[in-house]
Each structure stands twice: as structure tokens, then as C-alpha cells.
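Trainee: Below are the sequence and a predicted model; questions follow.
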Amino acid sequence: MKPDCILIRIGEMSLKSEQVNRKWSKILMDNIKYGLKGFDYKIEKRKNRYFIYTNNIDKVSKILQRIFGITSISLCYVCKSNINNIKKKALEVAKNKIKKSQAFAISVKRIDFQDLSSQEIAIKVGDIIVNKLGLKVNLSNPDKTIFIEARNDKTYIYMEKINCAGGLPLGTSGKIGAIVNSKKALVATWLMMKRGCTIIFKGKQEFFDILKKWHIGKRMLKTEKFKNIKISTGKKINDSVFLDPTVAFSRDKLTRLYEYIVNN
């Protein structure tokens, strides 16, 4: 059963003022378009949600997981927003995604959908899954959860939330110079990228290649020396402030983060 679209969630961007949110949303959208060059897709925006329709769900979802500003994604199955369609689609999803030995629960969220309450939708969908498939319900500790997001015209059904890079969109903060000659320095640089900073890189090629795949939206600059580098204002970098966001990290945390950065 192939998903119909990808639901994109944003995080702390949504907490900013309307003016900042609008500006940063444009940067995020530009970064998404940059990352998806070469793919056929369509984007729908609804409040603080983005939905991407594409025939390359797997490849596109992998790229989205590395775009800063996106906190999580879900692969969704879509139907029209009436209860019969919702029951039919949810039954199909349960049949394909839940094993006979597994118990399930249903979580419903409504946005501009007035026909039924969230509880009524959950009961009606749960009843048809139990009756048709013989599955068991476990609301406190389910093996699987069917998430239903009912909107006024479309309903989105999904089974999981996939964590993404999070943070702020690349390009919402300034440029930083990064000397990356160790695993710790690579993690520190990645964390600054997560705060929206674009990178002027100096260091080992292998680390450049790793960070480049996360530097989606802007070209990552590379230099052999930082002395007298000109920035966009025309000023030269002569005095430097050195930042190390990993200063209080344990060795285990550094290792976990490094492996996550390398393997995604």
C-alpha cells in the first residue's frame, strides 16, 4: 500500500511572530525546493502544515529528514472527509499495516471538521476495524496507533511520526566559519547549522562531504584560510568569537550524534 503524500511538521518557527514566521517559512520553502531539485512534486500548505505529493515518496522523505526546520514527517494515506471514506481508508491501512497479533489504538485530530467529534470518529473507525479484521483495541499500551487528521475537505491517515533534523531553517541566522578536523568539531558545526547558520568550511574533505548533505538550501563555502575573508556586507573577518556547543556533552552523547549525522 503506497502512501499518497508526506505531511511535514515545523517546530519552533511556529512560535515566532507572524512577520518572522512568514519570513522563515519562505526560507524553509526555498530550502525544500533546493533539496528536491530533479523530483516531480506538488506542495500544499495548510496553516502550520505542509503536504508534499510525489511519486518518489521514499527518496523525497529521506531528503526531508535532513532539512533543518522540519521536526517530523508522516507518510499519509488521503481520502475525502466524510465518515464512510475515513472508515474505508482506515480499514485498508489497518489491514496492510497491523498484524493479527498486535493491538491498536486510534488518535484523532480535527481541523475545521464539524461533522463528528474526535471521539465519535475514533469509535466508528475502531468498530469497523475490530469487526472486519478481528483486531484487539488497547488504548493504554497499543502495539500500533492509527493517526487520523480530519480537515474540512481531506483526511490524512498515518501510522508513524518520523523525526527529522528540527531546529531552524538553514539561512535564518548568520554565516559562521568552522574548522572541522575532528568528530567533535563536526558535531559542533552541525549543531550550529541546526540553529540556522550557514557554514564557511575549513578542514578534512571527508567531514565536508558529510556536512554538505545536511547543508540543504545554501551552498556550503569552503576555504583554506579564514584571514581576510569578506562577508556579504563587504567587511573582513579579523576578530573571531569561538563557539563550542558541545562543551558539556558526554562522550556517549557525542558518539550518538556523530553516528546520527553520518548515517542519515
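Mentor: Done, it's in. Residues are numbered from 1 along each chain as shown.
Trainee: mind giving me the domain ranges of this structure?
Mentor: 5-78, 82-152, 175-263 (automatic domain parsing).
Trainee: Any idea which of the ones you listed gets closest to Cys164?
Mentor: Each of the domains of the chain has some distance to Cys164 by CB to CB; the shortest is domain 5-78, at 4.3 Å. Every C-beta, even on glycine, is put in place using the N, C-alpha and C of the backbone.
Trainee: circling back to that earlier point, looking at the domains of the chain, spot the one closest to Pro169.
Mentor: Checking the domains of the chain against Pro169 by CB to CB gives domain 5-78 as the closest, at 3.6 Å.
Trainee: Report the residue spans of the chain with pLDDT below the cut-off.
Mentor: Flagging of the chain using pLDDT under 70 yields the residue ranges 14-15, 226-243.
Trainee: Would you state the helices of it in chain order?
Mentor: Residue ranges of the helices in the chain, as given by DSSP state H, are 18-35, 57-64, 83-97, 118-133, 183-194, 205-212, 251-263.
Trainee: tell me the most buried of these?
Mentor: Mean neighbour count, computed with mean count of other CB atoms under 10 Å, is highest for helix 183-194 among those, reaching a mean of 21.
Trainee: So for Met159, which of the domains of the chain sits nearest?
Mentor: domain 82-152 (5.2 Å).
Trainee: how long is that closest one end to end?
Mentor: Criterion CA to CA, to the nearest Å; first-to-last residue distance in domain 82-152 is 9 Å.
Trainee: so how far is that domain off the chain centroid?
Mentor: Mean C-alpha position of domain 82-152 versus that of the full chain (CA atoms, centre = their mean, to the nearest Å) differs by 24 Å.
Trainee: Could you do stretch 11-22 as well?
Mentor: Its chain's C-alpha centre and that of stretch 11-22 lie 16 Å apart, by CA atoms, centre = their mean.
Trainee: Same question for stretch 253-264.
Mentor: Between the centre of stretch 253-264 and the centre of its host chain there is 17 Å, according to CA atoms, centre = their mean.
Trainee: cool, stretch 157-170 as well?
Mentor: In terms of CA atoms, centre = their mean, the gap separating the centre of stretch 157-170 from the centre of its chain is 3 Å.
Trainee: That one: which residues count as buried?
Mentor: By 16 or more other CB atoms under 10 Å, the buried positions in stretch 157-170 come out as Ile157, Tyr158, Met159, Cys164, Ala165, Gly166, Gly167, Leu168, Pro169, Leu170.
Trainee: ends of that stretch, how far apart?
Mentor: Between the opening and closing residues of stretch 157-170 we find a distance of 30 Å, counting by CA to CA.
Trainee: How much space separates Leu75 from Lys204?
Mentor: Note on Leu75: its distance to Lys204, by CB to CB, to the nearest Å, is 36 Å.
Trainee: Could you check which of those two has the larger neighbour count?
Mentor: Ranked by neighbour count (other CB atoms under 10 Å), Leu75 and Lys204 place Leu75 first, with 18 against 14.
Trainee: show me the contacts for the nearest residue to that one once chain neighbours are set aside.
Mentor: Distances taken as CB to CB, 6 or more residues apart in numbering put Pro3 closest to Leu75, at 3.8 Å, once the chain neighbours are dropped. Contacts here follow CB atoms under 8 Å, 6 or more residues apart in numbering; on that basis Pro3 touches Ile57, Leu75, Cys76, Tyr77, Tyr158.
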